[in-house]
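Visitor: only geometry, no sequence info:
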Ligand SMILES: O=C(O)CCC(=O)C(=O)O
Ligand SMILES: [Fe+2]
């Protein structure tokens with residue numbers, strides 16, 4: 001797996017960003033830049049893990065396939081990511097959100113800045129929230145929606161924000177439904193159909209799956225020197241799962257567990273990408289790796305992505321599911337709420353999972369780490 005030494009993340013909604021190092025370049029209008037500025041030139045840290053390997057493809061799963069659960073289980077265990085088709089999200093809704101996203105990012109910078117994310121805030125327009133952990137800036141801009149969409153949209157378009165809000169709300173509703181369905185398919189692939197620990201997620205009404213979420217719009221303008229620029233640095237999502245829609249320009253790359261190099265996830269019309277997030281890694285007691293991914297940029301094409309970041313209600317404790325724990329498989333992580341985990345991630349970056357890990361002492365003195373992607377951090381306790 002490519003090194004994450006200097007590349008961590010916090011894409012999540014409730015992460016509170018620190019002021020980036022290059023504050024003066026923070027709001028550079030990337031679409032007007034003709035030459036890559038030094039502030040955005042990722043020489044060594046990007047090139048270190050530049051090698052790509054596209055020999056194997058991220059699985060594409062048809063949700064109407066009678067074997068969907070097994071296929072999802074295999075994809076989660078081996079990749080931590082897959083694409084889904086026949087997910088029931090109308091293509092027209094994907095086109096609309098893309099249209100509204102492009103409309104937003106093509107506004108003049110001064111207008112976008114009216115909805116700028118406040119220094120300790122979450123929602124609104126700004127650079128990638130992980131920027132503060134890197135000495136170089138990323139070739140992207142983002143808009144995070146948590147809670148009320150109109151609050152920010154009315155700053156952008158004082159007289160005409162209804163269409164944007166309607167589209168966002170319709171998209172959030174559709175995604176919430178799909179996220180609940182996908183979560184139960186992923187849990188089902190672990191043999192979990194219900195669990196006392198998952199009361200919050202009990203399947204009630206399809207529109208009321210109990211989780212909470214944020215929506216992240218990402219824009220990657222065309223870049224004069226894409227080989228030295230980074231759209232979004234390598235990270236894992238602090239979610240249960242993330243559903244990503246990418247426009248028809250490639251850029252998303254994933255690292256496969258235990259393998260070198262990056263694998264491109266090609267945009268497939270109408271398909272959606274599903275990431276296993278850190279909280280599902282915890283729920284699965286380490287069986288499903290949260291996928292390390294990043295976004296690279298393109299010399300001629302603008303790219304847009306929309307990430308639906310899905311998690312539990314913020315105060316619910318998440319811990320390895322009881323049905324996956326026994327004397328041979330002790331719980332590998334301590335219980336933690338989503339909010340606590342985001343705080344931990346903000347502090348420990350890519351070491352966040354390790355920092356909530358338990359050093360268990362099972363009866364035979366060994367922890368079974370064979371299925372756990374953080375196994376290198378486990379200590380044997382004799
Ligand atoms: O743009 C992409 O493909 C990735 C976006 C992403 O990873 C995120 O928003 O967390
Ligand atoms: Fe992400």
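Guide: Received it, and whenever you're ready, just let me know what you need. Quick caveat, the model's predicted, so the values are computed rather than measured. Ligands and ions are numbered 1, 2, ... in the order given.
Visitor: beta partners for the closest residue to residue 71 other than its chain neighbours?
Guide: Sequence neighbours aside, residue 61 is the residue nearest to residue 71 in space, at 4.9 Å (criterion: Cβ to Cβ, 6 or more residues apart in numbering). In this view, the C-beta of every residue, glycine as well, is placed from N, C-alpha and C. Residue 61 has the following beta-bridge partners by DSSP bridges: residue 84.
Visitor: Quick one: residues contacting residue 61.
Guide: Contact partners of residue 61, counting by Cβ atoms under 8 Å, 6 or more residues apart in numbering, are 68, 71, 72, 75, 82, 83, 84, 85.
Visitor: are any of those residues buried, and which?
Guide: With burial judged by 16 or more other Cβ atoms under 10 Å, the buried subset of those is 68, 71, 72, 75, 82, 83, 84.
Visitor: Reformat the residues you listed as CSV; add secondary structure and distance to ligand 1.
Guide: Listed next are the buried ones among the contacts of residue 61 as CSV, based on DSSP: H, G, I helix; E, B strand; the rest coil; distance: Cβ to the nearest ligand atom, whole Å:
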residue, secondary structure, distance to ligand 1
68, helix, 23
71, helix, 22
72, helix, 20
75, helix, 18
82, strand, 15
83, strand, 12
84, strand, 15
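Visitor: Max pairwise distance over those: which two?
Guide: Greatest spatial distance among the buried ones among the contacts of residue 61 (Cβ to Cβ): 68 and 83, at 12.7 Å.
Visitor: separation between the residue nearest to the spatial centre of the chain and residue 309?
Guide: By Cα atoms, centre = their mean, the chain has its centre lying nearest to residue 237, at 3.8 Å. As judged by Cβ to Cβ, to the nearest Å, residue 237 and residue 309 stand 6 Å apart.
Visitor: Likewise for residue 284?
Guide: From residue 284 to residue 309 the distance is 18 Å (Cβ to Cβ).
Visitor: same thing with residue 250?
Guide: On the measure of Cβ to Cβ, residue 250 and residue 309 end up 21 Å apart.
Visitor: Same check on residue 324?
Guide: 24 Å.
Visitor: Quick check, residue 242 in contact with residue 275.
Guide: Yes. The criterion here is Cβ atoms under 8 Å, and residue 242 meets it with residue 275 at 4.2 Å.
Visitor: What about the closest residue to ligand 1 within the stretch 151-300 of the chain, how many residues nearby?
Guide: Residue of the stretch 151-300 of the chain nearest ligand 1, by Cβ to the nearest ligand atom: residue 252 (3.5 Å). Residue 252 has 25 neighbours, counted by other Cβ atoms under 10 Å.
Visitor: likewise residue 32?
Guide: Residue 32 has 8 nearby residues by other Cβ under 10 Å.
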